[in-house]
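**Q** Turn this into a structure:
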Amino acid sequence: MNAATHPAAQFSTLAPEFCEGIQYYAPSWPGFAEYGARPAIAAGARAIASANSPAAAYQTLLAADALRYLTLQICGAKASGHPGGFASSAEAYAALVMLGHTNIVTEVGHHAPGFYSAMFLDRSLEEMGIRTVQEMRDRFREKHGLLGHLSGAIPGLLAPAGPLGQGQHFAMAGALLHPGTLFPVTIGDGGMGEPYVLNSMMHFNTAYPEVTNYLPVLIWNGYSQEHHSMCTTWSNAEMTAYWKGHGFENVFLVDARNFDDQDQAGAYVDSSQFSFDRRQAFAAAVLAAADSAARSALGIGNAGGRRTVMILKQLKGAGVHKLGAKAHNLYPADTLDAEHIVAGLQRRALSPEAWQTVRDNFSRAGGGPAAKTAVTEHVLDIVPLPRLPIQEFKPGEKQVPATAFGALVAAVGQADPRFVVSNADGNEASAMANINVALKIRHPVEDGLYHQGPNGQVYEPLNEDACAGLTAALALFGSRSIWLSYESFAINGWPIVQTVAQAMAELRRKTPSCICMFTAGALEQGRNGWTHQRPEIENYFAAQMRNGNVYPLFPCDANQIQAAYDWALGTYNKGIAIIASKSPLPVYTTLEQAREGIERGAVTLHESEGGISGGGKTVVFAVTGDMVLLPVFEARDKLEAAGHKVRIVSAANPRRLYRPTDVAWDTVSEPDNAFMDDGHFNALFDGDVLIGVSGGPSGPLEPILLRTRAPKRDVMAWKRGETTASAGEIMAFNGLTAEAMAARAIALLG
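**A** So this is what the prediction gives:
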């Protein structure tokens, strides 16, 4: 079909301006005058008029090859990037665009160059100054350009994609928030080997059976990035049964092998090697399947939507430089001058007229460039919240921080019907049964005893990835949500929160912060042993504080956890993790002090009479956490009895305690440069001895240790877990006793 290719110079007077940078062109395909010269998406239309139109199928194939060409050329421009996986998806992506469905997300970060090519063709990249192919080549995989894996910061792209197994959450969140809009999500069969991909969709399908307007599109190409995929030996019937077993009612599978007329070996074939007529037939079949799948998911033409999946079975690398896993990524030798790259580009070369047709179709699909029409390109309207029913507890009384927090979460859900709470291990087990009572667990079985029903707002898959995934995706897409978990298990879902927080740092719009609350089980789960004693994730949070928009909060009591959540709800584009206990603990602050500690970063809970000006030595305890304050206050008694002065400071929001130069605050959306100044910092932490204390690891104390002027300092923190009968015993196992703290302070005082 493209046997005679020509260098770009021969077509320079014919090529549209946006084509500058394309290296090879070819004569028009047979039938172009009849089927390709007039865009199948008419001016003013959002999609093709009919999926059965020969011109629509013809132009779907044109678009697929245009995407392949651009994908390979921009990767070759940097001898870097991943063309092979997207190449096998090209017909599916092109078909969805031709049908007007442009709110497309992906699970596969390696498909980035293909998605960027699509955003170039629909003119979205003009929003970042990329108007020609040459400019796209220049800025691919460069700072302030097109990063190697997808980011929602790129105009027209809805969500990031990096770690496998995350993309479906964004499609489900979009479907939940935007009924009537289709959210296709491309999934690779390499990533599908991770069990949580379909596991998370199955729970969503059960919890939200009426939400069918997301469409998984499995790109079944037989390979992951370095070897055969784990489902490569499955038959079509087995793959269909696998999806149906996870709650999908309609499965539309197109197998390229059924169109092969070149006697290719193996179960997976390259459609670009077919004769021209068979390529057209294959493209027509993909377009028809995509249309049927979209109609099924949206409920067009029947009584209601059906849970639907589309599967495209085609060899990885179809139509580019290599096949199989060898097509996955380019290496330094894979330049645009390399023979196999040149040959791949020449095979996919199109005529200048064809490029214009593809550009016209893509820029009209869905109502215009995705940078202007995608649902995430606009701030989502959400209901305003009333004043939260914050209850001020009296200092000295005992209250459960988690329960006080739960009352506010319940109030948010009652005010905002789109608000979703997720928890894998159960709210009741975390002393937050009040959330379930008010909002109900979402479950198809109505049961008042368990506070569950089909319209509940509490999402409880027993999978932290599924919990974190849906709620983080909802926040990114503009809605309020919260993920609740044990700190011990949060690591299983935290990577997608990190992904979303990074995406929020880059967004060009405001969106509610991604908020989590983790019950600090390390000191509360003695009988459960080390499996429930994993506070080390706090060091993960601490490392992210320097990113600029991540805030771990350590409220010291039931008043301050309310202040923490109230503050978090008023923020945008941030990742916020609140860590607190589910046990009755003393209240140390007034509500005014609680708010001060969250807003400024720290607050004094106790200071010996006379302060540091009274003559005598002063010991400062800088503390993150709530339960660990129990031995700290006991140590105070011992030190004061020995004639020393003690100040106890709760470091509730340690990110505010860094110096501005420590944090990339000025590189993120919705920047926050509220850092405690030296005067206030020194007033809190100056002393003869400073001891940082944490019921978890020491990382969150870093900003204090960096800035303190105390001549002697030390840290007492978590070491490891063990089975114990009480919180006191596990603290003793880790050296966090009043005796140990007092002894260490006296030793440092000399």
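**Q** would you put the C-alpha positions of stretch 690-706 in CSV?
**A** In CSV, the C-alpha atoms belonging to stretch 690-706 read as follows (Å, rounded to 0.1, in the frame of the first residue of the first chain):
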residue,chain,number,x,y,z
LEU,A,690,15.4,18.9,72.4
ILE,A,691,14.1,15.3,72.1
GLY,A,692,11.9,14.5,69.1
VAL,A,693,9.4,11.8,69.9
SER,A,694,7.2,9.8,67.5
GLY,A,695,5.0,6.8,67.9
GLY,A,696,6.0,6.1,64.4
PRO,A,697,9.3,6.6,62.6
SER,A,698,11.4,9.7,62.8
GLY,A,699,11.0,11.2,59.3
PRO,A,700,8.3,13.7,60.1
LEU,A,701,10.5,15.2,62.7
GLU,A,702,13.1,16.2,60.2
PRO,A,703,12.1,19.9,59.8
ILE,A,704,12.4,20.4,63.5
LEU,A,705,15.8,18.7,63.7
LEU,A,706,17.0,20.8,60.8
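**Q** tally of neighbours for Met545?
**A** When neighbours are counted by other Cβ atoms under 10 Å, Met545 registers 23. Where you see a C-beta, it was placed from the backbone N, CA and C, and this is true even at glycine.
**Q** Tell me if I'm right that Ser117 and Leu72 touch.
**A** No - using Cβ atoms under 8 Å, Ser117 is not in contact with Leu72, being 9.5 Å away.
**Q** Check Val497 and give its pLDDT.
**A** Here, the pLDDT recorded for Val497 equals 96.
**Q** show me the contacts for it.
**A** 468, 472, 483, 514, 516, 575, 577 (Cβ atoms under 8 Å, 6 or more residues apart in numbering).
**Q** same question, Ala542
**A** So Ala542 contacts 552, 654, 697, 699-700, 702 (Cβ under 8 Å, 6+ apart).
**Q** May I see the buried residues of the host helix or strand of it?
**A** Taking DSSP states H and E as the criterion, Ala542 maps to helix 537-545. Judged by neighbour count (16 or more other Cβ atoms under 10 Å), helix 537-545 contains these buried residues: 537-542, 544-545.
**Q** so where do the helices sit in the stretch 251-400 of the chain?
**A** 276-298, 339-348, 352-364, 370-373 (DSSP state H, counting those that start in this stretch).
**Q** CA atoms of the shortest one as PDB?
**A** Translated: helix 370-373. Provided in PDB are the C-alpha atoms of helix 370-373 (Å, rounded to 0.1, in the frame of the first residue of the first chain):
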ATOM      1  CA  ALA A 370     -10.000  17.400  24.100                       C
ATOM      2  CA  ALA A 371      -8.200  20.300  25.800                       C
ATOM      3  CA  LYS A 372     -11.400  22.200  25.600                       C
ATOM      4  CA  THR A 373     -14.000  19.400  25.800                       C
END
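**Q** for the record, mean pLDDT for that helix?
**A** For helix 370-373, the per-residue pLDDT averages 96.
**Q** Make residue 1 into 22 and carry on from there
**A** Done: numbering now begins at 22, and the last item shifts to helix 391-394.
**Q** what residues does that helix touch?
**A** Against helix 391-394 from outside (Cβ under 8 Å, 6+ apart): 123-124, 140, 143-148, 176-178, 387-388, 398.
**Q** What is the most widely separated pair among those?
**A** Asn124 and Glu147 (19.3 Å; Cβ to Cβ).
**Q** Which residue of the two possesses the greater neighbour count?
**A** Asn124 (25 against 18).
**Q** The more buried one - that's part of a helix, no?
**A** No - under DSSP: H, G, I helix; E, B strand; the rest coil, Asn124 falls outside any helix and is assigned coil.
**Q** That one is in contact with Val396, isn't it?
**A** Yes - using Cβ under 8 Å, Asn124 is in contact with Val396, at 5.7 Å.
**Q** Return the backbone torsion pair for Leu727.
**A** phi -70, psi -30 (degrees, to the nearest 10).
**Q** same question, Lys415
**A** phi -80, psi 130.
**Q** And the contacts of Val518, which is closest to Asn513?
**A** Closest to Asn513, out of all of these and judged by Cβ to Cβ, is Ala489, at 8.0 Å.
**Q** Just the pLDDT at that closest one, thanks.
**A** 95.
**Q** so it is in which element?
**A** Counting by DSSP H and E, Ala489 is part of helix 485-497.
**Q** Beyond that helix, next helix or strand please.
**A** strand 502-507.
**Q** pLDDT weak spots in this structure?
**A** 22-34, 214-216, 631-636 (pLDDT under 70).
**Q** Could you count how many residues lie near Arg59?
**A** Arg59: 12 neighbours (other Cβ under 10 Å).
**Q** Ala77 is in contact with that one, correct?
**A** No - under the criterion of Cβ under 8 Å, Arg59 makes no contact with Ala77, lying 11.3 Å away.
**Q** coming back round to it: joint contacts of Asn124 and Val396?
**A** Common neighbours of Asn124 and Val396 (Cβ under 8 Å, 6+ apart) are 179, 195, 199, 202.
**Q** so of the residues you listed, which ones are in helices?
**A** Gly195 (DSSP state H).
**Q** would you turn the shared contacts of Asn124 and Val396 into a markdown table with neighbour count and distance to Lys419?
**A** Listed next are the shared contacts of Asn124 and Val396 as a markdown table, based on neighbours: other Cβ atoms under 10 Å; distance: Cβ to Cβ, whole Å:
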| residue | neighbour count | distance to Lys419 |
| --- | --- | --- |
| Leu179 | 28 | 46 |
| Gly195 | 28 | 44 |
| His199 | 16 | 45 |
| Thr202 | 17 | 49 |
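**Q** can you pull the contacts of the residue nearest to Pro675 when sequence neighbours are not counted?
**A** Spatially, and ignoring its direct neighbours in sequence, Pro675 is nearest to Pro721 (4.8 Å; Cβ to Cβ, 6 or more residues apart in numbering). Going by Cβ under 8 Å, 6+ apart, Pro721 touches 559-560, 562-563, 566, 573, 575, 645, 672, 675, 715.
**Q** Tabulate the residues you listed (CSV), appending distance to Val684.
**A** Output for these, formatted as CSV (distance: Cβ to Cβ, whole Å):
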residue, distance to Val684
Glu559, 18
Asn560, 17
Phe562, 14
Ala563, 12
Met566, 7
Pro573, 13
Phe575, 17
Thr645, 17
Ala672, 15
Pro675, 11
Ser715, 20
